[in-house]
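Enquirer: here is a sequence with its predicted model. Questions after.
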Amino acid sequence: MRVVNAAETAPTGYAEAVTATGLKVRAGRRMAVDGLDLALGTGVHGLLGPNGAGKTTLIRALATVLRPAEGSLDLLGLPATGNPREVRRKLGYLPQDFGFYPRFTVREFVTYLAWLKEMSKVDIPAAVQRAIEKVGLADRADDRMKTLSGGMLRRAGIAQAIVNSPELVLLDEPTVGLDPAQRVEFRGLLRELGEHSCVVVSTHLVEDVAAACTDVVLIASGRLVWQGTPAALAAAGGADDVGDSPTERGYSALLAAHTDRRGADW
Ligand SMILES: Nc1ncnc2c1ncn2[C@@H]1O[C@H](COP(=O)(O)OP(=O)(O)OP(=O)(O)O)[C@@H](O)[C@H]1O
């Protein structure tokens, strides 16, 4: 019998896990998210966009690392401008580059993050074991982080992100460094997480989106360009659009239409 965790049965008390209206977020001096409207519920949301579109900045705002400069952002029913502690306990975040003590074992690393998320002490050992097993690192659990390969490190990063059974999971380029077999396994994990949580995955790999996401969010210049299913994304492209697959051609077609529209406005 599968053990049901608290996040799966707890009443949520909010309509959407993420609601942004006219959201603006600064990255350095630049307004990298610049008037974004977005609603995300349970499921796996693939965040796509060209380099510099504002994906990382948006994820950092959803992780409460960056505060909105303007507009409104509600996370799990709470305003992002309030005390972030309650939201942080319920979210999992894998940054593009994450720090760790190289002498920590995988188990110590995930345990430390569980402790930072203020998980109850008695729940931590089992939750850590579960998270490590989910990412396929059980046989390396007591090895030091500095001995892991790039792909294994990323899996340890994913383990710390999911250790608290988060209601909101934020993964910035999680498949970088994973080999093709690990990417396929990771897509399975994404689908599993998306059954009960709101999962936001930023990626450059359009095929990851087609295979694992229930929803695609396309952003450019800090704004929402398009949102829909992977099937609708694939259907948006034609034979003349750039790309090796229907999904890539759909992505190119929607971005090109957006650029043309912006050109016409100026
Ligand atoms: N600390 C910073 N100082 C100044 N500008 C920044 C800073 N961080 C990001 N930017 C700029 O903000 C814009 C959005 O950056 P962001 O990293 O959010 O985009 P992205 O969509 O994640 O890009 P990529 O796909 O290349 O990772 C870019 O033009 C970037 O150069």
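Expert: That came through fine. It should be emphasised that the depicted structure is a prediction, and the values quoted were computed from it without experimental measurement.

Enquirer: shaky segments in the chain?
Expert: Low-confidence segments of the chain, defined by pLDDT under 70: 1-12, 262-266.

Enquirer: got the residues of it near the ligand?
Expert: Neighbours of the ligand within the chain, by Cβ under 6 Å from any ligand atom: 27-30, 32, 49, 51-57. Bear in mind the C-beta positions are built from the backbone N, C-alpha and C, glycine included.

Enquirer: want to throw those into a markdown table with secondary structure and neighbour count?
Expert: Listed next are the residues of the chain next to the ligand as a markdown table, based on DSSP: H, G, I helix; E, B strand; the rest coil; neighbours: other Cβ atoms under 10 Å:
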| residue | secondary structure | neighbour count |
| --- | --- | --- |
| 27 | strand | 17 |
| 28 | coil | 6 |
| 29 | coil | 6 |
| 30 | strand | 13 |
| 32 | strand | 22 |
| 49 | coil | 22 |
| 51 | coil | 6 |
| 52 | coil | 14 |
| 53 | coil | 22 |
| 54 | coil | 23 |
| 55 | helix | 26 |
| 56 | helix | 18 |
| 57 | helix | 24 |
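
Enquirer: looking at those, which is nearest residue 196?
Expert: Set against residue 196, the nearest of the residues of the chain next to the ligand by Cβ to Cβ is residue 55 (23.9 Å).

Enquirer: wouldn't the closest one be in contact with residue 201 here?
Expert: No. Under the criterion of Cβ atoms under 8 Å, residue 55 is not in contact with residue 201, lying 9.9 Å apart.

Enquirer: got phi/psi on the residue of the chain found nearest the ligand?
Expert: At 2.0 Å from the ligand, residue 28 is the closest residue in the chain, using Cβ to the nearest ligand atom. Residue 28 adopts backbone torsions of phi 60, psi -130, taken as degrees, to the nearest 10.

Enquirer: could you do residue 152 as well?
Expert: Main-chain torsions, residue 152, degrees, to the nearest 10: phi -70, psi -40.

Enquirer: does it touch residue 141 like I think?
Expert: No. Counting by Cβ under 8 Å, residue 152 does not reach residue 141; the two are 11.2 Å apart.

Enquirer: and these two? which has more neighbours close in?
Expert: Applying other Cβ atoms under 10 Å to residue 152 and residue 141 shows that residue 152 carries more neighbours, namely 20 against 17.

Enquirer: any chance you could map the helices in the stretch 101-250 of the chain?
Expert: Assigned by DSSP state H, counting those that start in this stretch, the helices in the stretch 101-250 of the chain fall at 106-116, 124-134, 150-162, 180-193, 206-212, 230-235, 246-265.

Enquirer: tabulate those helices (a markdown table), appending distance to residue 80.
Expert: Output for the helices of the stretch 101-250 of the chain, formatted as a markdown table (distance: least, Cβ to Cβ, whole Å):
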| stretch | distance to residue 80 |
| --- | --- |
| helix 106-116 | 19 |
| helix 124-134 | 26 |
| helix 150-162 | 19 |
| helix 180-193 | 22 |
| helix 206-212 | 25 |
| helix 230-235 | 28 |
| helix 246-265 | 26 |
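
Enquirer: ok, which of the ones you listed comes nearest residue 15?
Expert: Among the helices of the stretch 101-250 of the chain, helix 180-193 comes nearest to residue 15, with 20.1 Å by Cβ to Cβ.

Enquirer: got the angle for that closest one vs helix 150-162?
Expert: Angle between the axes of helix 180-193 and helix 150-162 is 10 degrees (criterion: axes from the mean of the first three to the mean of the last three Cα atoms, to 10 degrees).

Enquirer: now do helix 180-193 against helix 124-134, angle only.
Expert: Comparing the axes of helix 180-193 and helix 124-134 via the same axes, to 10 degrees yields an angle of 130 degrees.
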